[in-house]
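Student: Sequence plus predicted model, see below.
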Amino acid sequence: MEEHKKRIFSGVQPSGTITLGNYLGAIRNWVSLQDKYDCAFAMMDMHTITVRQTPAELRKRTQELLALYIACGIDPGKSILFIQSHNSAHAELAWVLGCYTYMGELQRMTQFKDKSAHHEDNINAGLFTYPVLMAADILLYNADYVPVGKDQMQHIEICRDIAQRFNALYGDVFTVPEGLLASSGAKIMSLQDPTKKMSKSDTNPKGYISMMDDFNVIAQKVKSAVTDSEGVIEYRPDDTAKAGINNLLSIMAVMTATTPEAVAVQFAGQGYGAFKSAVAEAIVEGIRPIREEYDRIIQDKSYLSDVYTRGAETACRIARRTLNKVYKKVGFIVK
Ligand code: TYM
């Protein structure tokens with residue numbers, strides 16, 4: 001019997017500029033998974049409208065995100081690439097799963113607490129039920145693994161709880177997925193406040209590196225990264241006083257395929273200035289080939305639309321099968 005490859009699902013919201021955190025914590029790790037697994041990666045546009053978006057910009061950023069996925073090495077010949085809103089099964093399954101999710105569970109989500117604190121004037125129901133839509137994204141494809149950064153692990157946990165609850169009632173309908181964290185880079189911190197994660201919604205652009213930043217802007221941002229006054233390059237992951245240096249060591253480690261400890265040894269005794277220059281250079285050299293590819297791909301709009309159209313066809317086919325199964329289980333008449 002032919003053994004089925006395990007399945008992978010993941011995605012990024014096209015809600016702002018894509019950061020080095022998104023790249024190192026997620027997209028970069030997807031590339032190497034493509035040969036071993038059946039992968040689907042989506043542009044999660046439906047999630048973005050939990051916060052107000054400018055429609056024309058959202059459309060543009062969704063296309064740019066696709067070009068960036070491909071430029072980073074996601075191969076449309078190997079992986080399914082699609083736009084979430086092109087597959088209505090996501091919204092349909094989210095409705096069903098919402099009836100199997102408790103208010104108390106959703107109230108505990110840190111992303112909900114954070115986002116409602118930042119958008120006090122718009123604490124909408126979508127922001128609250130966001131993890132249910134995310135569970136639908138994953139469960140529709142019976143994903144075994146979901147490669148994400150650390151900040152999304154709580155959402156994977158609730159997805160597992162929902163899947164297990166549903167399976168307990170109706171039999172083995174869903175594969176219960178596991179989160180897959182990068183061995184390093186799973187949590188890249190803000191350059192301005194290294195106790196917070198690097199985020200595209202940071203109001204201070206100096207806190208994050210955008211994959212689209214000018215190379216000299218990247219260098220400036222790294223040089224003005226907050227560190228400490230101790231002046232010693234050491235990796236002390238549990239010492240918050242070292243959060244800035246720990247973060248730069250982690251970034252350098254991923255960019256140069258080594259460990260933060262090894263980078264610390266390499267730069268021991270050197271000043272922060274020299275170290276920051278080396279980190280900036282490693283980031284720029286890592287991003288340069290991606291940007292060259294991106295600049296080429298983004299010009300070719302018909303290629304991009306071809307990729308997402310084909311991707312949606314396959315995604316819809318797979319998802320509909322799962323949705324029909326769910327509909328039958330809960331007692332709907334499947335046409
Ligand atoms: P989003 O768009 O905020 O982030 C996309 C991916 O980037 C990771 N990430 C980071 N990793 C390391 N360091 C950081 N500073 C950092 N910031 C972001 C995130 O963990 C994520 O993997 N809810 C998701 C999108 C989503 C999704 C899904 C993901 C919707 N449905 C289904 C997986 C499966 C989100 O907001 O990611």
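Tutor: Received, thanks. Numbers count the residues shown, from 1 in each chain.

Student: who's in contact with stretch 316-332?
Tutor: Around stretch 316-332, the neighbours that count as contacts under CB atoms under 8 Å, 6 or more residues apart in numbering are 40, 80, 86-87, 89-90, 92-93, 96, 139-142, 166, 170-171, 173-174, 334. C-betas here are computed from N, CA, C, even on glycine.

Student: So which bits of it are buried?
Tutor: Buried residues in stretch 316-332, counting neighbours by 16 or more other CB atoms under 10 Å, are found at 316, 318-320, 322-323, 326-327.

Student: swap in stretch 201-208?
Tutor: Residues of stretch 201-208 classed as buried by neighbour count (16+ other CB under 10 Å): 202, 207-208.

Student: Next step: the contacts of stretch 316-332 restricted to strands.
Tutor: 40, 80 (DSSP state E).

Student: Report the buried members of the contacts of stretch 316-332.
Tutor: For these, buried by 16+ other CB under 10 Å: 40, 80, 86-87, 89-90, 92-93, 96, 139-142, 166, 173-174.

Student: for those residues, which one is nearest the ligand?
Tutor: The closest of the buried ones among the contacts of stretch 316-332 to the ligand turns out to be His90 (CB to the nearest ligand atom; 8.7 Å).

Student: Do I have it right that that closest one meets Gln84?
Tutor: Yes: using CB atoms under 8 Å, His90 is in contact with Gln84, at 5.6 Å.

Student: what do the two both touch?
Tutor: Residues touching both His90 and Gln84 by CB under 8 Å, 6+ apart: 46, 137.

Student: hang on, the earlier thing: and the two most separated of the buried ones among the contacts of stretch 316-332?
Tutor: Maximum pairwise distance in those, criterion CB to CB, is 24.8 Å, between His86 and Phe166.

Student: quick revisit: so of the contacts of stretch 316-332, which ones are in helices?
Tutor: Mapping these onto helices (DSSP state H) picks out 89-90, 92-93, 96, 139, 166, 170.

Student: a markdown table for the buried residues of stretch 316-332, including pLDDT?
Tutor: Output for the buried residues of stretch 316-332, formatted as a markdown table (pLDDT from 0 to 100):
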| residue | pLDDT |
| --- | --- |
| Cys316 | 98 |
| Ile318 | 98 |
| Ala319 | 98 |
| Arg320 | 98 |
| Thr322 | 98 |
| Leu323 | 98 |
| Val326 | 98 |
| Tyr327 | 98 |
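
Student: now, among these, which is nearest to the ligand?
Tutor: Ranked by distance to the ligand (CB to the nearest ligand atom), the buried residues of stretch 316-332 are led by Ala319 at 12.9 Å.

Student: where's that closest one, which helix or strand?
Tutor: helix 301-330 (DSSP states H and E).

Student: Count the residues that sit near the residue of the stretch 1-150 of the chain found nearest the ligand.
Tutor: Per CB to the nearest ligand atom, Gly25 is where the stretch 1-150 of the chain lies closest to the ligand, at 1.9 Å. Using other CB atoms under 10 Å, Gly25 is surrounded by 27 other residues.

Student: other SSEs contacting the one helix or strand in the chain whose mean pLDDT sits lowest?
Tutor: Ranked by mean pLDDT, DSSP states H and E, the weakest helix or strand in the chain is helix 110-118, scoring a mean of 89. For helix 110-118, the elements it packs on are helix 125-139, helix 153-170, judged by 3 or more CB pairs under 8 Å, 6 or more residues apart in numbering; DSSP states H and E.

Student: is the ligand contacted by the shortest one?
Tutor: Yes: using CB under 6 Å from any ligand atom, helix 125-139 reaches the ligand at 134, 137-138.

Student: and the stretch 51-200 of the chain, which residues reach the ligand?
Tutor: Contact residues (CB under 6 Å from any ligand atom) of the stretch 51-200 of the chain with the ligand: 134, 137-138, 146, 148-149, 151-152, 155, 186-188, 197-198.

Student: Reformat the residues you listed into CSV and put neighbour count and distance to Asp161 next to each item.
Tutor: Output for those, formatted as CSV (neighbours: other CB atoms under 10 Å; distance: CB to CB, whole Å):
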residue, neighbour count, distance to Asp161
Met134, 25, 13
Asp137, 28, 16
Ile138, 28, 12
Val146, 25, 14
Val148, 22, 17
Gly149, 21, 20
Asp151, 16, 18
Gln152, 21, 15
His155, 22, 11
Ala186, 23, 22
Lys187, 18, 23
Ile188, 27, 27
Lys197, 20, 23
Met198, 25, 28
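
Student: Now do the contacts for the residue nearest to Thr259 when sequence neighbours are not counted.
Tutor: Nearest residue to Thr259, sequence neighbours excluded (CB to CB, 6 or more residues apart in numbering): Ala253, at 5.4 Å. Residues near Ala253 by CB under 8 Å, 6+ apart: 184-185, 259-260, 262-263.

Student: contacting residues for Glu178?
Tutor: Contacts of Glu178 by CB under 8 Å, 6+ apart are 144-146, 156, 160.

Student: Let me have the residues you listed in JSON lines, adding pLDDT as columns.
Tutor: Output for these, formatted as JSON lines (pLDDT from 0 to 100):
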{"residue": "Asp144", "pLDDT": "98"}
{"residue": "Tyr145", "pLDDT": "98"}
{"residue": "Val146", "pLDDT": "98"}
{"residue": "Ile156", "pLDDT": "98"}
{"residue": "Arg160", "pLDDT": "98"}
